[in-house]
Each structure stands twice: as structure tokens, then as C-alpha cells.
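S.K.: Sequence and predicted structure are below.
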Amino acid sequence: MGSYDDFLGIYKYIRNDEKLLRLLTLPPEDLGTGIDDPLSPSLTNILDKDPEKISTIQNEHIMKSMKADDLENKKICRLYIYPGRRSPRSDSYYIASQELVIDLFVHLDYENGDFRTSRINDRLNELIVDNHIAGASSMRYLEGSPRSAPRNYVGYESVFTFMTKKS
């Protein structure tokens with residue numbers, strides 16, 4: 001398995017997590033209006049929608065490359081998933097250390113509603129850390145930090161790492 005297969009597998013895995021999709025799309029709980037918590041079991045499963053609708057949701061909220069110029073006119077949460085640094089391992093000619101970078105942008109309406117950045121980052125860690133999604137090892141959390149974001153958004157970058165075969 002090479003980098004292409006690793007990242008395609010990770011991308012598909014993340015795009016098909018129903019809890020993550022809820023956190024990326026559903027508004028924060030508002031007791032005054034009766035809007036439920038996005039993870040409430042009373043809400044319908046996003047993955048039970050029409051496949052075309054699911055694809056539209058996934059394509060709007062989880063992307064492979066940076067396209068932040070359209071965010072200023074939207075109030076959404078979005079992930080960008082892409083490869084980070086790749087470093088050779090000194091103890092093996094066949095294995096490399098590969099970084100997975102996930103940038104998160106959350107509109108202030110979501111962030112101020114329920115600390116959505118923290119909720120999404122928590123879900124990403126549950127999905128990724130210590131799980132064997134791609135490559136030759138389970139994935140580890142390397143670091144995270146705030147990052148610059150479009151107006152009315154907060155940004156956060158998370159970096160994960162895993163061992164992969166050199167191609």
C-alpha cells in the first residue's frame with residue numbers, strides 16, 4: 001500500500017462517520033428554539049439520506065484540498081484532509097513516517113453555540129488515534145494548534161502520524 005491508497009482510505013473512513021457529519025452540519029443545541037444537540041439519538045441518521053444528498057454533504061464539509069475562499073459567505077464547519085511531511089525511518093529502509101494533517105474551520109455561530117471546534121477535534125481523535133486506518137501502524141496524535149482562518153471563523157490544525165511503506 002502506498003501514499004495514495006493510505007490517504008484515500010483515511011479520507012473515505014472519515015467521510016463516512018455519522019457522528020462527525022452531524023457535528024459538521026447540524027446547528028448547536030438551542031434550548032429556546034427546541035433544536036436538539038447534534039449528537040442526540042432522537043435525530044435521524046445522516047447516512048440514511050439519499051446517496052446523492054450524502055455525497056453533497058460530504059463534498060461540502062470534508063475536502064482534500066484547501067478551498068477557503070468560499071467560506072466567508074457561508075456559516076458551516078469544514079475539514080481539509082491532506083498529507084503532511086514524510087520522513088524516512090533510520091531503522092528500516094522500507095518504512096517511512098507519514099503525517100496526516102486535518103485543518104478545521106468552524107463558523108463562529110457553531111463555535112459560540114457549543115465549542116464546536118473542541119467537539120469535532122474530540123471526535124477526530126476518537127476516530128483516528130490508536131486505530132489502524134492506513135499504512136503499517138496505528139495512527140498517533142502528533143500535535144495541534146490554532147491557525148489563521150477566514151473572517152467569522154476559527155481555525156485549528158491537527159497533525160497525526162503513522163508508519164507507511166515506502167513506494
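M.R.: Structure's in. What do you need?
S.K.: in its sheet, what does the longest strand seen in the chain sit against?
M.R.: If you go by DSSP state E, the chain has its longest strand at strand 92-107. Looking at strand 92-107 with DSSP bridges, its partner strands are strand 77-89 (antiparallel), strand 153-165 (antiparallel).
S.K.: looking at these, which is closest to residue 142?
M.R.: strand 153-165 (4.4 Å; Cβ to Cβ). In short, each C-beta sits where N, CA and C put it, glycine included.
S.K.: Going along the chain, name the helices of the protein.
M.R.: Along the chain, counting by DSSP state H, helices occupy 3-15, 18-25, 51-61, 108-114, 116-128.
S.K.: Remind me what the fourth one packs against, helices and strands.
M.R.: Helices and strands in packing contact with helix 108-114 are listed as strand 153-165; criterion 3 or more Cβ pairs under 8 Å, 6 or more residues apart in numbering; DSSP states H and E.
S.K.: Please apply the same query to the second one.
M.R.: If you count contacts as 3+ Cβ pairs under 8 Å, 6+ apart, helix 18-25 packs onto helix 51-61, strand 77-89, helix 116-128.
S.K.: What is the burial count for residue 45?
M.R.: A total of 10 residues lie near residue 45 under the criterion other Cβ atoms under 10 Å.
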